[in-house]
Structures are given as structure tokens and as C-alpha cells.
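Q: the following comprises the amino acid sequence and a computationally predicted model.
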Amino acid sequence: MTVGPRTRAAALLLAATVATVSGCSTKAPDNSGGGGDANASGGDVKTGRGIDGDTLTLGVLTDLSGVFAALGKDVTNAQKLFWDDVNAGGGVCDKYKVELNVKDHGYNVQQAVQLYGGMKDSVLALQHTIGSPINTALADQMTADNMVNIPEAWARNLTVPPGNAVVGTTYDVEMINGLDYLLQQGLIKEGDKLGHIYFEGEYGANGLAGSKYFASQHNMTVDEAQIKATDADMSSVVTKFKADGVNAILLTVAPGQTASAAAVANQVGLTVPILGNNPVFAPGLLDSPAGQVLKDHLFIASPVTTFDKQPELLKKYTDQFPGGTPSLGVVHGYADAVVMDQILEKACESGDLTPEGVLKAKQSLSDVDTDGLAVPLDFSVQPGESPSQQSFILQPTDGPGGAKAITEAQEGDDVKNFKPGS
Amino acid sequence: MTQFLSLLLNGISLGVIYSLIALGFVVIFKSSEVVSFMHGSLLLVGAYSIVRLQDPLGFWGGALAGIAITGILGLLVDRLLLARMRGAPVISLAILTIGVDIVLITELTRLIGPDILNINHPWGGQVLHLGSVGITANRALAIVVAAVLIAAFFAAFKYSNWGVAMRAAAEDGEAAALMGIRLGRVSALAWVVGGVLAAVAGLFLVGSPTPGVTPAVAAVALRAFPAAILGGLDSTGGALVGGLLIGVAESLATGYQDQLAFLGRGFGSVVPYVVMIAVLLVRPSGLFGTRELTRV
């Protein structure tokens, strides 16, 4: 394609205009301190990156076309729903309307890094970033940019960057909470043998740390089986568990392996409770041949509650986004947005909605209450510590989201003395 | 003992599925000298088509249609892409299949999403018990169907015109062409057979005790690759033996991982490649592969 001189001139002119306009818009709020005509609560607030006039932009690095596309859609839609409500009620700080800048990385780290580079100068914070590898890859850059970010993942390494607000409990604590529940219910007892299937990498290692600590406190042993994310057939592993006489199967894997482990356990006659970290479950599992086994034996430790406890949210969501079956991603997404709202309101109270102010606000929040959506959160803890010590225990069931919460958020007896690395 | 027998039976049931896939590799290689790196996506196309078509057509209709679609896809790849590059270096053709594989897998991953799609096998999750050893009906059936298919294949390979033509083409393509054998047709048929075998493997691979159709299913084909190589890439019998060997070795290594813990956790998934390397060190052309003769 050739470009004529007139086209080129027009393009240059356009580029210059855009540069001038955007130059003005980023400077204006800084100079005017949020504008002289602003109302009382917004008037004295310092603003900077990501706020232009009365619009506050939050970035979303999600997956709308990769392996977590359906989750990404539910999380993102729930957040849109939340901010639409807030905007209708006057906005953040009674002044700023929140806009989401949604980008799809397709679960590709390189793509995500580029998208982040493109949006970081125009967003105040990130409403959510899906994917452990992506969050890990961007951690240093986000820290340098004072970017507050909500990872849609719960590995302990994600609690280290100061800007990360992990909405939930890390996988190790989650596993201990689940095991404490099984012990309380008499489903396992002192001296038992636990068979733990876990992925190689941060996620699996983090879950295993939890079961090993719990075992050491209760005279139990852990039968370890490390697998790759691409291993789909759990026959050999579960056959081994049967031969070893394990009293419970623990899972820190993906939903596919959960279905296989349950099916094989049934096949070899290993009738024991199965306990998993929150990513092990997907509602689609209930339609598999292992569906009934899962309903009978699977327990899931989760940072969020289920739709049966939040019927209004489910109704609001299905009214707004009819068609499709909403997953618990809706609860995750909505809870993330509630948390971000509280961080921003706190920053507003302190009169500083700059990225630095928002980061400070996040670190000062010691009691984040999401009205029962997620476990209570404390972001004032040291980097590397879990923001919560509690989990909901869920069981699969028919109905929206495929699971119901059988307990309120609770902290297991063994969590208090647990130190990561111990 | 029960554990050993369970692991052995599981290994065999997995092994026959690997054999089906490996047989596809070998047939394609023999007839067109192309090493097909796209068997993972062929398998996934098969499984995915069956899942999507079982609702309108029922299980049996969906299964037949899915297998047919995969065979036709193999045919299209051969006719539209490979046939146009006849005579190109074999390495370029192999890399071409990698390209096709990436395109297909990416699209299928998008279509499948994070869901697990379940094929409604009429035999469901039923379990058969042979004494103290259990096996799912799905896997037991896989052994039977694979045995029948492999026997039929060997018969066709030995007695049918196509089998003779393929063996001639594999022996000496140029001489076969001069004798009036249409190499294009031989290779087209080989791709159809490869696709059909992959789809049948996919049908059983996504049934109990493995979860439904997920993008990870395609990775299984990578394990059939060492099976084909250690059997000898140009030996159909080798594919069968290689598949069984890999299946059993993998199952035992995973089941006895405590005894093998000194080799590191998760050793089971490495085993196919270790077995392959060990065999190739002793027999560089694989167990049953043709030895290259060089006169000096």
C-alpha cells in the first residue's frame, strides 16, 4: 500500500492533535487539584494518572479468548455491573465515574505484557488480572508503577508485591482450612494418611505446603503425587493411593484431574473424602460420569461464597446478562470490585487519589468487609502474608454455580500457628 | 499384587490407545514420508466434533460423524497442503504439520473454553471387576475396539491392493510410481486412516476415567510419538508394541513413584521419553524399524 502526501499530512495532523489533547488532559487535574468547581468531598483530592476530568479509569487484563475465557467473561461482567451501580449513585468520591479499560490477553504472557505497557499510563489501578503466570510476569513492573492490582489467583508469591490486593486466602492456608473442616467433621482422624495430587509449580507447591503442615500437626503422613497440568489420567496415582490405604484425597489441580481422580477412586473402591483448593472445581464436572461421586465426596475450600447465599447478586446478574450459566466467577468478580471501591474510597478520604495515594490506602485497609461475598480481608499485613486466614467450605450441587457453601467463612484451628516455610 | 495387576491393566488400556495414534503416525510416514506433528490436534478435532454432534445426532451418529470429519480433515491436509509441496524436503513438510497443529489447537482451545465437555458414552462410568482388579467399561472397550481395528488394519495392509501399494511406495516410491501405483492416492488414503485412528483414540481417551474434552487431550498424542519412534517409525508392528510398552511403563512408573522417588517427583510423565532413548541407544532404528544399509 502506498500513502500519498495528503494522507500522510492528515495523519500527522491527527497524531499531533491527539498528542496535544492527551497532553492537556493528563496535566489538567494535576494543576488544578481536581478542579476548583468540584464538590466538597472531591474538591481537595489530589489526582494524577488514570483520572481525567470526572472519569476514573481502571484497567482490566483478562482472558476473553483463551482457556479461561468463560471465567474472564463472568468476572468482567460482574465488575461492570458493580461499577454501573456505583456510577449511577454518584461515583467514587461522589464525583468520579469509573470506566473499565478491558483488554483481552488470551492467557498469553507476552500479549499481557504488551497490553499492560499500552494501558499503564492511562489507568489508576487494575481491577483484575487473570492468570498466575501473567501476574508473576508483571509483578516487578507493577511495583515500579505503584499499580494497585487484584490478581484472580491465590498463590502466596502474589501477596509479595506491595500493590497486589489478593482477594482471598492463599492456597496453603486454604488447604489447612479444608483439612481442619474434615477433621472437625470426623471425616479424617489423627494418624491418617493423606494422598495429595498437585501440579508442579507455584500453585501445587503452595497447596502441598498446607497439607504437609497440617499432617505434621496431627501425626499424619502425606502421600505425594506431583503431576503436570497436561496429565489427564489419574488411574495410576489413585490406584497407588488405594494400595497405600489413604484416608483422604487432596487436590491442588485443575477441574479435569478432579473428575478423573473421583472416577478412578470410584472404580478402585476408594471411598474417602476428596478435598480441593478453589480452582479444582467447575460446574461442568457435574455432568461427567464422575458427577455423583463428586456430589457425594468432594469438598472445596474457597475464598468466596456461593449463589445460594447471594440470591440478589445472581438475580441482578442474570437480569443484566441473560443467557448462559453464570459461574462462581461472578461472585469473585463482584467481590474484587467491592474491594477496589473500598480502596478508592479510603484514598479519597485521605485526599489522595494519585497512584501513590491509592497504594497507601490499600496497605492501610485492615478490615475489608465485602458483605459476605468473600472472606474478611486485611491488607495491612506484611508482604508475603495471606490477607485472610478464613475459607468457605463448599460442596458441589445442582443449581447455579454448581456448588453451595456448607459453612460460613471460618478459620481452621491449625491456621494460627502456621508460618509459611515451616 | 492387586496394585501391580491394576497398574498393568491400566497401562495396557492406555497403551492400546497410544498404539492407535502411533499407527496413524507410521502409516502416514510410510506412505508420504511426512512426520505428522498434528496428530494431537487431529485427535482433539475428533473428540470435539463428537461432543458437538452427539446432541443433534445421538451418541452413535455423533461418533460416526466425528470420526468421518477427522478422516476428511486428514484428507484435506494431504490434498490441499502436502500434495502441493510434493518433493519438498521432508523437514519442511514436518514443520508444515506443526503449523497446522498450532492453528487447529488455538481455535479448538477457544471453542472449548474453560469448560469440560462430556461425551455421553452409553457405557458411562461403569466399572468391570476381574477378581480384585477393576477397569472402567470405557477402557475395556478401548482394548477390544483397538484390537479389532489393528487386526483389520494389518489384514488390509497385507492383502488389500492399497496395502500392497503402500508397501511398495514405502519401499521405493519412484519404482512404485513407474509401476503405475498412484502415490498421491496412497498418501491420501493414509491420511484418512491416520485421522480415523486418531478420532477413535480420542473417543476413548475422553471417557472415564479421564475427564471429558479439554485442550490438554491433545498433549497425549505427544506420548504416542515416542511409541512410534521406539517401535521403528516405518514399522506398523512396532507402533503396536511401542504403544503398549510406553503405556505400561508410564503406568508402572507413576504407580511405583515412591520407589522411584530418587529420580524426582512426577517421573511418570518422563518415562515415555526415557524408554525411547534407552531403546534408540541399543537399536537406532527402533525395535522393528528398517536398518539403513550403507555400502562403502
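A: That came through fine.
Q: identify the residue nearest residue 96 in space, chain neighbours excluded?
A: No chain in the question, so chain A it is. Leaving aside its sequence neighbours, A:Tyr96 sits nearest to A:Leu56 (C-beta to C-beta, 6 or more residues apart in numbering or on different chains; 3.9 Å). For the C-beta atoms, the positions are set from N, CA and C on the backbone; glycine is no exception.
Q: chain B was what I was after
A: B:Leu81 (6.2 Å).
Q: what does A:Asp371 give?
A: Looking at A:Asp371 with C-beta to C-beta, 6+ apart, the closest residue is A:Val338, at 7.1 Å.
Q: what comes up buried for whichever strand or helix holds the one you found?
A: In this assignment (DSSP states H and E), A:Val338 forms part of helix A:329-349. Across helix A:329-349, burial judged by 16 or more other C-beta atoms under 10 Å in any protein chain shown covers A:329-348.
Q: paired strands for the helix or strand that comes right after it, with orientation please.
A: Going down the chain from helix A:329-349, the next helix or strand is strand A:352-353, by DSSP H and E. Partners of strand A:352-353 in the sheet, by DSSP bridges, are strand A:46-47 (parallel).
Q: just the mean pLDDT for the partner strand, thanks.
A: The average of the pLDDT scores along strand A:46-47 is 92.
Q: where along chain B do the strands fall?
A: Along chain B, counting by DSSP state E, strands occupy B:127-130, B:133-136.
Q: what's the most buried one of those?
A: strand B:133-136 (a mean of 23; mean count of other C-beta atoms under 10 Å in any protein chain shown).
Q: A:Leu126 belongs to a strand?
A: Yes: A:Leu126: assigned to a strand according to DSSP: H, G, I helix; E, B strand; the rest coil.
Q: verify the contact between it and A:Asp145 for me.
A: No: distance between A:Leu126 and A:Asp145: 10.0 Å, which falls outside the contact criterion (C-beta atoms under 8 Å).
Q: in the stretch 251-400 of chain A, which residue sits nearest chain B?
A: Here the residue of the stretch 251-400 of chain A nearest chain B is A:Pro289; by C-beta to the nearest C-beta that distance is 2.9 Å.
Q: residues in contact with that residue?
A: Counting by C-beta atoms under 8 Å, 6 or more residues apart in numbering or on different chains, A:Pro289 makes contact with A:Ala263, B:Asn118, B:His121, B:Gly124, B:Gly125, B:Gly207, B:Ser208.
Q: cool, and A:Glu190?
A: A:Glu190 makes contact with A:His218, A:Asn219, A:Met220, according to C-beta under 8 Å, 6+ apart.
Q: look at the closest residue to the first one other than its chain neighbours and report its pLDDT.
A: Okay, so that is A:His218. Sequence neighbours aside, A:Glu190 is the residue nearest to A:His218 in space, at 5.2 Å (criterion: C-beta to C-beta, 6+ apart). According to the prediction, A:Glu190 has pLDDT 95.
Q: if I look at A:Glu190, how far off is A:Asn247?
A: 11 Å (C-beta to C-beta, to the nearest Å).
Q: leaving out sequence neighbours, find the closest residue to the spatially most central residue of chain A.
A: By C-alpha atoms, centre = their mean, chain A has its centre lying nearest to A:Glu152, at 2.5 Å. Leaving aside its sequence neighbours, A:Glu152 sits nearest to A:Ile130 (C-beta to C-beta, 6+ apart; 4.5 Å).
Q: just give me the neighbour total for that neighbour.
A: By the criterion of other C-beta atoms under 10 Å in any protein chain shown, A:Ile130 has 26 neighbours.
Q: so it touches A:Leu61, yeah?
A: Yes: contact criterion C-beta under 8 Å: A:Ile130 and A:Leu61 qualify, at 7.0 Å.
Q: shared neighbours of these two, anything?
A: What both A:Ile130 and A:Leu61 touch, as defined by C-beta under 8 Å, 6+ apart, is the set A:His105.
Q: so which residue of chain B comes closest to chain A?
A: Checked against chain A (C-beta to the nearest C-beta), the nearest residue in chain B is B:Gly125, 2.9 Å away.
Q: tell me the residues of the stretch 251-400 of chain A that contact chain B?
A: By C-beta under 8 Å from any C-beta of the partner chain, the part of the stretch 251-400 of chain A that sits against chain B consists of A:255-260, A:263-264, A:266-269, A:282, A:284-285, A:287-290.
Q: report the contact partners of residue 145.
A: The chain I'm using is chain A. A:Lys120, A:Pro355.
Q: let's do chain B instead
A: Applying C-beta under 8 Å, 6+ apart, the residues contacting B:Val145 are B:Val200, B:Phe204.
Q: low-scoring stretches of the stretch 101-250 of chain B, by residue?
A: B:114 (pLDDT under 70).
Q: let's go with 80 and repeat that
A: Along the stretch 101-250 of chain B, segments meeting pLDDT under 80 span B:110, B:113-116, B:125, B:131-132, B:171, B:173, B:211, B:221-222.
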